[in-house]
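1. Fold the following, please.
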Amino acid sequence: MRDRFYRFMQGRYGQDAFSRFLLGAMAVCLLLNVVFRSRLFGALAWLLLFYGYFRIFSRNHAARFAENQRYLERTAKFRYWFEQQKKLREERKYHHIYVCPKCRQKIRIPKGKGKIMVRCPKCRHEFQRRS
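-> The predicted structure follows:
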């Protein structure tokens with residue numbers, strides 16, 4: 001069975017970031033359809049499902065690649081912001097992040113050092129903080 005599916009998918013475009021977004025949006029529409037009992041959300045979910053699978057099973061690689069590139073370009077700032085927030089959450093396990101009162105520069109200080117004098121690398125202003 002796996003070989004049959006492998007042969008079927010040969011030459012097809014497959015899944016990319018835009019098709020994953022479409023299928024995720026379809027799942028959200030289905031949830032909204034359950035909550036609000038609206039035909040609009042049901043119809044939208046079906047349209048997103050069909051278009052998502054159309055893209056996955058398509059043999060027109062150039063068109064699907066161009067669609068995916070447009071999606072990635074339009075969501076680049078949004079995805080970058082989320083990556084930065086994830087990075088900050090991970091850094092907060094081992095570091096405090098303070099803001100310089102003079103120039104508003106973010107400064108990362110390791111946790112567990114007690115009260116320390118912090119010097120801003122940008123404006124050289126010194127202030128005391130608990131680490």
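
2. how near is the residue sitting nearest the centre point of the chain to residue 22?
-> Geometric centre of the chain, nearest residue: residue 79, 4.3 Å, by C-alpha atoms, centre = their mean. Computed as C-beta to C-beta, to the nearest Å, the residue 79 to residue 22 distance reads 16 Å. All C-beta atoms are positioned from the backbone trio N, CA, C, and that covers glycine.

3. For the lowest-mean-pLDDT helix or strand in the chain, list every residue counted as buried.
-> Of all helical and strand segments in the chain, the minimum by mean pLDDT, DSSP states H and E falls on helix 2-9, at a mean of 88. By 16 or more other C-beta atoms under 10 Å, helix 2-9 has no buried positions at all.

4. what's the answer for stretch 45-63, then?
-> Buried positions in stretch 45-63, judged by neighbour count with 16+ other C-beta under 10 Å: 45, 48-49, 52, 55-56, 58.

5. Which members of the residues you listed define the maximum pairwise distance?
-> Spanning the widest gap among the buried residues of stretch 45-63 are 45 and 58, at 20.3 Å by C-beta to C-beta.

6. could you pull out the strands for the chain?
-> Ranges of strands within the chain are 95-99, 106-110, 115-119, 126-130, based on DSSP state E.

7. Is it possible to get those strands out as JSON lines so that each row also shows mean neighbour count?
-> Formatted as JSON lines, the strands of the chain follow (neighbours: other C-beta atoms under 10 Å):
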{"stretch": "strand 95-99", "mean neighbour count": "14"}
{"stretch": "strand 106-110", "mean neighbour count": "13"}
{"stretch": "strand 115-119", "mean neighbour count": "11"}
{"stretch": "strand 126-130", "mean neighbour count": "11"}
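
8. right, and those - which one's nearest residue 32?
-> The closest of those to residue 32 is strand 95-99. By C-beta to C-beta, the value is 36.7 Å.
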